[in-house]
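Asks: Pasting the sequence and the predicted coordinates here, then a few questions.
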Amino acid sequence: MVNKPYWLKIKLEYNEKFHDVKRTLKEKKLYTVCEEAKCPNINECWSHGTATIMILGDTCTRGCKFCAVKTGNPKGWVDPLEPLHVVETIKHLKLKYVVLTMVDRDDLLDGGAFHVYRTVLEIRKNFPDIKIETLVGDFQGNKNSISLIANSSIDVFAHNIETVERLTPIVRDPRASYKQSLFVLEYAKKVNPKILTKSSIMVGLGETEEEVIQTMKNLRNVGVDILTIGQYLQPTRRHLNVVEYVPPYKFKWYRDIGLQIGFKEVFSGPLVRSSYRAEKVFYGEV
């Protein structure tokens, strides 16, 4: 067991904005990846009035060994009112940038793509100027599902590759693959070159610097515009152990390399997560 270093200490904030976000999400029966994945930044983000809304329920059909989201079989259940609840939440919180993420839904023929599409269209109908980022699964590489999301009037298509190729079989569910994730990102950009594509890497799982850089190059080669890099933190004892706590200076080094490779933006730091302060990343304010 590796002890957590000082740079991972978090200042907790529970202001009125935090409680307002919590109340609103509970009232609308919505889930957030912030809570379900035990994100270390939940206090900071919610205190700023932002949250990553997780749709298609709280149960994922996959069992990645790094993720705290509940695993099971929803048996095709989808809440038809969820898009409306998302719109009501956006209105109440006065969001100008919204991140929609989802659990993997291998129990649905389209992997849940149409539900995501409906939600995006409902948001766009009510808020024409809002920026929308969708952090989606791989849809098992289904081209129709990828295309549906990429052409749904979103601004950012995000899909996380999570780790380097060598560690993918250890870290991710067997139904996920490194090459499939690259394909999803490449195809989304192909069917809609106007959108920004985004991905994320966790470090501290036993990867080498060379492997991280190679992953960055692979992502850039398929047209990925934005990259986030963060420290893996073990959510529970049944998940993978942390192999290494990567120091802050190395995150800065990775960012510098990423910008040299050609990414439009690289948000890299110990507590950075794929959706962390996504609006700041989008506008290049990191």
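Replies: The structure has been received and is ready for your questions.
Asks: so where do the strands sit in the stretch 151-286 of the chain?
Replies: For the stretch 151-286 of the chain, strands defined by DSSP state E, counting those that start in this stretch occupy the ranges 156-158, 196-203, 226-231, 265-268.
Asks: Adding mean neighbour count, mean pLDDT and distance to residue 110, write the ones you listed out as JSON lines.
Replies: (Each C-beta comes from the backbone N, C-alpha and C, glycine too.) Compiled in JSON lines, the strands of the stretch 151-286 of the chain are given as follows (neighbours: other CB atoms under 10 Å; pLDDT from 0 to 100; distance: least, CB to CB, whole Å):
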{"stretch": "strand 156-158", "mean neighbour count": "24", "mean pLDDT": "97", "distance to residue 110": "16"}
{"stretch": "strand 196-203", "mean neighbour count": "25", "mean pLDDT": "97", "distance to residue 110": "20"}
{"stretch": "strand 226-231", "mean neighbour count": "25", "mean pLDDT": "96", "distance to residue 110": "26"}
{"stretch": "strand 265-268", "mean neighbour count": "24", "mean pLDDT": "94", "distance to residue 110": "30"}
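Asks: among those, which is nearest residue 238?
Replies: Nearest to residue 238, of all these, is strand 196-203, at 17.3 Å by CB to CB.
Asks: Grab the nearest non-local neighbour of residue 143.
Replies: residue 187 (6.2 Å; CB to CB, 6 or more residues apart in numbering).
Asks: can you count the residues close to the one you found?
Replies: The burial count assigned to residue 187 is 20, neighbours taken as other CB atoms under 10 Å.
Asks: which residues does it contact?
Replies: Shown in contact with residue 187 (CB atoms under 8 Å, 6 or more residues apart in numbering): 143, 146, 147, 150.
Asks: sorry, back to before: right, so of the strands of the stretch 151-286 of the chain, which gets closest to residue 102?
Replies: Among the strands of the stretch 151-286 of the chain, the nearest to residue 102 by CB to CB is strand 156-158 (10.8 Å).
Asks: Got the confidence number for the closest residue to residue 262 other than its chain neighbours?
Replies: Take residue 262 and drop its neighbours on the chain: the residue closest to it by CB to CB, 6+ apart is residue 220, 5.3 Å away. According to the prediction, residue 220 has pLDDT 98.
Asks: Does residue 220 touch residue 264 like I think?
Replies: No. Under the criterion of CB atoms under 8 Å, residue 220 is not in contact with residue 264, lying 10.2 Å apart.
Asks: quick one: the strands in the stretch 1-150 of the chain?
Replies: Per DSSP E, counting those that start in this stretch, the stretch 1-150 of the chain carries strands over the ranges 31-32, 52-55, 59-60, 70-71, 97-102, 131-135.
Asks: Out of the ones you listed, flag the one nearest residue 7.
Replies: The nearest among these, by CB to CB, is strand 52-55 at 23.3 Å.
Asks: Please determine how far the residue lying closest to residue 108 once chain neighbours are set aside is located from residue 113.
Replies: Excluding the flanking residues, the one nearest residue 108 by CB to CB, 6+ apart is residue 76, at 6.4 Å. Using CB to CB, to the nearest Å, we find residue 76 at a distance of 14 Å from residue 113.
Asks: Between the two, which is the more surrounded one?
Replies: It is residue 113, of residue 76 and residue 113, that has more neighbours when counted by other CB under 10 Å, with 25 against 9.
Asks: So the more buried one sits against residue 150, correct?
Replies: No. Using CB under 8 Å, residue 113 is not in contact with residue 150; the gap is 10.2 Å.
Asks: How much space separates residue 120 from residue 70?
Replies: As judged by CB to CB, residue 120 and residue 70 stand 24 Å apart.
Asks: Give the residue from these two that has the larger number of neighbours.
Replies: Comparing residue 120 with residue 70 by other CB under 10 Å, the one with more neighbours is residue 120, at 21 against 13.
Asks: Which residues are in contact with the more buried one?
Replies: Residue 120 neighbours (CB under 8 Å, 6+ apart): 100, 132, 134, 149, 152, 153, 154.
Asks: Local confidence estimate at the fifth one?
Replies: We note a pLDDT of 97 for residue 152 in this prediction.
Asks: From residue 133, how far out is it?
Replies: The gap separating residue 152 from residue 133 is 12 Å, by CB to CB.
Asks: try the first one
Replies: Taking CB to CB as the criterion, residue 100 is separated from residue 133 by 7 Å.
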